[in-house]
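> Next input, structure requested:
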Amino acid sequence: MIVAVYPGTFDPLTCGHMDIIERTAALIDRLVVGIYENPGKKPLFSLEQRVRLVEEAVSGLSNVQVRPFKGLTVDFIRQTGGRIMIRGLRANSDFEREFEMALMNRKLAPDIELLCLMTSSQYQFLSSSLIKEVAKLGGCLEGMVPDHVAAALKEEVSLPIELAPGKD
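Take a look at the predicted model:
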């Protein structure tokens, strides 16, 4: 059985993340989406909220499960029985950062392989940071995050965020 882990903060989950999740789920036997409890960041959503939002988004994918974690990602991957770390790449800047992390992870865990997927072109501009900024300023999030994530963002920032027509 091929088990892969897609780790991230997912604050919030974007359609770009879902693109990577769905494409990976079609390639492997089991995918664990690891929601990282990053004490160095101040996330908009709590760990529990992020887990719940991702669980709702992947509910139709039978071979995907969502688990929170803290500590080293490679340790979490080993705990899941995984041997592959999944990462999504949007641009050259992502590649540089992922390359540095890959070298460190290879040193820490030479038994874990890294598989990078290029984000589909319609999502290359998305980042969780940009999504939060758009949400805080009341912008339209249609096609950038799943509808339930847009609704959660609207509630979290208490501003009138435009949803797709008829979805508000």
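> and Asp29, how many neighbours?
For Asp29, the tally of surrounding residues (other C-beta atoms under 10 Å) stands at 10. In this view, the C-beta of every residue, glycine as well, is placed from N, C-alpha and C.
> My guess is it contacts Ile2. True?
Yes: between Asp29 and Ile2 there is a contact at 4.7 Å, judged by C-beta atoms under 8 Å.
> Find the nearest non-adjacent residue to Leu47, please.
Once flanking residues are discounted, Leu47 sits nearest to Glu37: 4.9 Å by C-beta to C-beta, 6 or more residues apart in numbering.
> Quick one: residues contacting that neighbour.
Under the criterion of C-beta atoms under 8 Å, 6 or more residues apart in numbering, the contact list for Glu37 reads 47, 68-70.
> In helices, which of the residues you listed appear?
Judged by DSSP state H, those include Leu47 as members of helices.
> Now that you've got the contacts of Glu37, can you turn the buried subset into something I can paste into ChimeraX?
A single ChimeraX command suffices to select whichever of the contacts of Glu37 are buried according to 16 or more other C-beta atoms under 10 Å:
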select :47,69
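> Out of the contacts of Glu37, give me the two with the largest separation.
Using C-beta to C-beta, the two most remote members of the contacts of Glu37 are Leu47 and Phe69, lying 9.6 Å apart.
> Overlap of the contact sets of those two?
By C-beta under 8 Å, 6+ apart, the residues touching both Leu47 and Phe69 are 35, 37.
> Distance of the residue nearest to Leu47 relative to Asp75?
Distance, Glu37 to Asp75, using C-beta to C-beta, to the nearest Å: 13 Å.
> Quick one, grab the pLDDT at Glu162.
You'll see Glu162 listed with a pLDDT of 51.
> beta partners of Met85?
As for beta bridges, Met85 partners with Val5, Leu114 under DSSP bridges.
> Correct me if wrong: it contacts Met104.
No: the pair Met85 and Met104 fails to qualify as a contact (C-beta under 8 Å) at a distance of 11.8 Å.
> Please name every helix or strand in contact with the longest helix belonging to the chain.
Ordering each helix of the chain by length in residues (DSSP H) puts helix 92-108 first. Other helices and strands packing on helix 92-108, by 3 or more C-beta pairs under 8 Å, 6 or more residues apart in numbering; DSSP states H and E, are helix 73-80, strand 84-89, strand 113-118.
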